[in-house]
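Engineer: next come a sequence and a model predicted from it.
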Amino acid sequence: MDKNLTMLTDFYELTMANGYLKNGLADTIAYFDMFFRKIPDKGGYAVMAGVEQLVDYLKSLHFSKEDIDYLRSKNCFCEEFLEYLANFKFACDVWAVPEGEIIFPGEPIVTVRGPVIQAQFVETMVLLTINHQSLIATKASRMVRAAAGRAVMEFGSRRAQGGDGAVLGARAAYIAGAAGTACTICDREFGVPALGTMAHSWVQMFPTEFDAFKAYAVTYPNACTVLVDTYNVLRSGIPNAIRVAKEVLEPMGCRMKGVRIDSGDITYLSRKARQMLDEAGMEDCKIVVSNSLDEFLVRDLLAQGACIDSFGIGERLITSRSEPVFGGVYKLVAIEDKDGEIIPKIKISENVEKITNPHFKQIWRLTDKADGKYRADVLTLRDEVIDDTQPYLLFDPEHTWKRHLTTNFTARPLQVPLFEKGVCVHKSRDIEEIRAFCASCLDKVWEEVARFENPHPYYVDLSQKLWDIKRRLLEENSR
């Protein structure tokens, strides 16, 4: 979607930028990392999403005359700064973890390097874009896993927080494995398959439930799925669905595709419905269920023996209702002096989890050669290379006595370039390619890490060089 969202920013980004200019810091090169501190729902992994929209935003950055006039009216920006904005041209380097990759707390999933005014200014949209879609993709991934091979359809547009929440949320859900969406515009814009059948109002509009089902079958003979809980699932809905299948569809050479149950005791109703459909020779008729589902309810329904072929999930997916904040942050990690030397910066807090990892970094992912599973991630200085032909010593950055000499692994860097000096070098991928990549990445996560309750922690370690720098900065700032 082609929008100029330049002014979608926190106001303090502008006041700081004005201050940087007035204090002679406008051209200072700064490095910022986006990372998150904890995984929603106490999960074991998260899914990276939103990169394409971040690229679109950065490509469109510019201040219009109306923007400048508005800022002048605030009477808090100097004319030199307003002139800077009028001639603004994005000139930063940007790196990010690709969409669909599995990500973990503490990792720099986006890094921005450039003049501090610019690198600071983009904070709001970097966070908004990546936080939202990564949140929904992570939630969708959990639901898809709970469905154990059955289709999960995103049905939440009407409960989303605004239009972009609906459209981009549906996009993120599809990347993470959802089969499609009820959001039509998401199909048009991104190629996410649009799915849907009927509402209760369709059934109510006709004299009888049978008439409603018959009219739908005649209209859509090759794609007929009917909603069977408007009145009574077992006494009315399923018998009328069977009658329409036998009296209307089968004489036309067509089959009833499915029935949808949207209320009641889903386990009991689905089992009884399956029995009735099978006895009528409709073993191929699918049972779709909806009604405020989440990954835990999906898992429990299947554990109880519910006969379900696919799930329609709305509000608890599109809003990630159980934990609706991803919590990514954007922190300064280094600046460059006049000679181009990188000077690491650290933020210290009484809360250990809020202490940042300084310097210009890369994420290296170590994959076990024996089983193809992700073993650990290591944050290194940007110019470090992990040689996977040699053993590598891993150690816990919080409990440094915990060490392990790892062997028989492959190592690859995760961050890839999006922009070089403001020029986009990112190659867009088809959404199907991103979706397939996400599935392949998730296959490499240990089941112990992916489980819903008490997942095994995935290790994100620091290289010795990076840890030495962090320790030195901690000691210097504690004197």
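Structural biologist: Thanks, I have it. Residues are numbered from 1 along each chain as shown.

Engineer: for residue 8, what are its contacts?
Structural biologist: Applying C-beta atoms under 8 Å, 6 or more residues apart in numbering to residue 8 gives the contacts 124-125, 128. (Glycine included, C-beta is placed from N, CA and C.)

Engineer: same thing with residue 431?
Structural biologist: When contacts are counted by C-beta under 8 Å, 6+ apart, residue 431 touches 171, 174-175, 190-192.

Engineer: most widely separated two among these?
Structural biologist: 175 and 191 (11.5 Å; C-beta to C-beta).

Engineer: more neighbours: which of those two?
Structural biologist: Taking other C-beta atoms under 10 Å, residue 175 and residue 191 do not tie; residue 175 has more neighbours (30 against 13).

Engineer: can you give me the strands in the stretch 1-150 of the chain?
Structural biologist: With DSSP state E, counting those that start in this stretch as the criterion, the stretch 1-150 of the chain has strands at 29-36, 46-47, 93-96, 102-103, 110-115.

Engineer: got the contact list for the fourth one?
Structural biologist: Pointing back at strand 102-103 there. Contacts of strand 102-103 (C-beta under 8 Å, 6+ apart): 36, 45-48, 97, 109, 134, 374, 441-442, 444-445.

Engineer: determine which two of the residues you listed are furthest apart.
Structural biologist: Across the contacts of strand 102-103, the longest distance by C-beta to C-beta is 20.2 Å; it joins 36 and 444.

Engineer: which of these two has more neighbours?
Structural biologist: residue 36 (23 against 15).

Engineer: could you give the bridge partners of the more buried one?
Structural biologist: Per DSSP bridges, the residues bridged to residue 36 are residue 328.

Engineer: so how far is residue 169 from it?
Structural biologist: Residue 36 is 18 Å from residue 169, where distance means C-beta to C-beta, to the nearest Å.

Engineer: residue 209 too?
Structural biologist: 33 Å.

Engineer: likewise residue 180?
Structural biologist: 13 Å.

Engineer: and residue 433, by the same measure?
Structural biologist: Residue 433 is 20 Å from residue 169, by C-beta to C-beta.

Engineer: higher neighbour count, the two?
Structural biologist: More neighbours surround residue 169 than the other of residue 433 and residue 169, with 31 against 12 (other C-beta under 10 Å).

Engineer: quickly find the element holding that one.
Structural biologist: According to DSSP states H and E, residue 169 maps onto helix 163-175.

Engineer: quick one: name whatever helix or strand follows that helix.
Structural biologist: Next along the chain from helix 163-175, counting by DSSP H and E, comes strand 180-181.

Engineer: so which bits of the very next helix or strand once past that following strand are buried?
Structural biologist: Downstream of strand 180-181, the first helix or strand assigned by DSSP H and E is helix 184-190. Within helix 184-190, the residues that count as buried by 16 or more other C-beta atoms under 10 Å are 185-187, 190.

Engineer: so what touches helix 184-190?
Structural biologist: Residues contacting helix 184-190 (C-beta under 8 Å, 6+ apart): 1, 166-167, 170-171, 174, 180-181, 192-194, 431.

Engineer: most centrally placed residue in the protein?
Structural biologist: Of all residues in the chain, the one closest to the mean position by C-alpha atoms, centre = their mean is residue 134, 2.2 Å from it.

Engineer: show me what contacts residue 389?
Structural biologist: Contacts of residue 389 (C-beta under 8 Å, 6+ apart): none.

Engineer: wait, a helix at it?
Structural biologist: No - assigned with DSSP: H, G, I helix; E, B strand; the rest coil, residue 389 falls outside any helix and is coil.

Engineer: returning to what we had before: inside helices: which ones of the contacts of strand 102-103?
Structural biologist: Secondary structure from DSSP state H places 134, 441-442 of the contacts of strand 102-103 in helices.
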